[in-house]
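Student: Return a 3D structure for these sequence lines:
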Amino acid sequence: MSDHDGTRSRCTGRLLAGLAWVVLLLGLWLWGRDLTDVRESLAPSATGDMAAAGRPPADRLPAAAGPLADAPPRRLDIPGLGVRAPVVARGLDARGVVEPPPADRSGTVAWYGAGVKPGASGTALLVGDLGAGSRPGAFDRIGSLRPGEVVRVVRDDGSVADFTVDDVKVLTGDRLDVRQASGEPKPGRAELRLIGCGGTVDGASRGCAASVVVSAYLTGTGQ
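Tutor: Alright, predicted model coming up:
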């Protein structure tokens, strides 16, 4: 073989080796780009509410629990508001509205004693004072409750009925009688209405306008 042929063979070999490296590097670059695209497609978008990742939907509330046996309420606890209020049984005024707690016991909560016991099947009604000015009331802040928060009723038999809030309404000057406050019954469910009493008292009956109505339903029992 001549020197010229040998030189040409070496050049050809280097060219082929160079082409092989180019093909290899091009393949690695394409593979890396595809891998990056896959990672980006799996990553959450950087726009919008970042806190939404992992946050449960607002309407994902716990399932209703079966009603409990009858037992009168003894105390109402609202952990999120720091409320621990004794419960007293009350009747209806002349207009069919549940009477609020006695004037000298605004820190207590009134239960419609002739109606459903909290935790039993049906809708139990609890009425509390929203307070005014420097005068505190048991239901001062119930308007700030949100769906998913827990309300507990300690009962005379020692059991605790846990309710989950599913609706909060702020009203203006409405007076709710028992039927209106209870709403449409849901068969087989134990429900609770917290009625915040705001507005002026009316004589000896102390009737008042319902300003806030919190709806909740039984979701379990606690300690």
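Student: How are the helices of this structure distributed by residue range?
Tutor: 3-42, 178-182 (DSSP state H).
Student: Out of those helices, name the one with the poorest average pLDDT.
Tutor: When the helices of the chain are ranked by mean pLDDT, helix 3-42 comes last with a mean of 51.
Student: Which stretches in this structure count as strands?
Tutor: 73-78, 83-90, 109-112, 122-129, 150-155, 160-174, 190-202, 207-222 (DSSP state E).
Student: Can you list the strands that the shortest one pairs with?
Tutor: For strand 109-112, the pairing partners within the sheet under DSSP bridges are strand 83-90 (parallel), strand 122-129 (antiparallel).
Student: ranking the ones you listed by burial, who's on top?
Tutor: When the strands paired with strand 109-112 are scored by mean count of other CB atoms under 10 Å, the highest mean neighbour count falls to strand 122-129 (a mean of 24). C-betas here are computed from N, CA, C, even on glycine.
Student: quick check: angle from that one to strand 207-222?
Tutor: Angle, strand 122-129 to strand 207-222, by axes from the mean of the first three to the mean of the last three CA atoms, to 10 degrees: 120 degrees.
Student: Please list the residues outside strand 122-129 that contact it.
Tutor: If you take CB atoms under 8 Å, 6 or more residues apart in numbering as the criterion, strand 122-129 is touched by 67, 73, 76, 85, 87, 90, 98-101, 106, 108-112, 115-118, 137-139, 142, 153, 178, 181-183, 185, 190-197.
Student: try it again with 6 Å
Tutor: 98, 100, 106, 109-112, 115-116, 118, 137-139, 181-182, 191-195, 197 (CB atoms under 6 Å, 6 or more residues apart in numbering).
Student: coming back round to it: nearest to T219, out of the strands paired with strand 109-112?
Tutor: Nearest to T219 among these is strand 122-129 (14.5 Å), distances taken as CB to CB.
Student: Just the angle for that closest one relative to strand 150-155, thanks.
Tutor: Going by the same axes, to 10 degrees, strand 122-129 makes 100 degrees with strand 150-155.
Student: I'd like the C-alpha coordinates of strand 122-129 written as PDB, please.
Tutor: Extracted as PDB, the C-alpha positions of strand 122-129 are listed here (Å, rounded to 0.1, in the frame of the first residue of the first chain):
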ATOM      1  CA  GLY A 122     -84.200  15.700  62.700                       C
ATOM      2  CA  THR A 123     -83.100  19.300  63.200                       C
ATOM      3  CA  ALA A 124     -82.100  20.600  66.600                       C
ATOM      4  CA  LEU A 125     -82.200  24.400  67.200                       C
ATOM      5  CA  LEU A 126     -79.700  26.300  69.400                       C
ATOM      6  CA  VAL A 127     -80.100  30.000  69.800                       C
ATOM      7  CA  GLY A 128     -77.300  32.300  71.100                       C
ATOM      8  CA  ASP A 129     -76.800  36.000  71.600                       C
END
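Student: Of all the strands of the chain, which one is nearest L61?
Tutor: strand 160-174 (5.8 Å).
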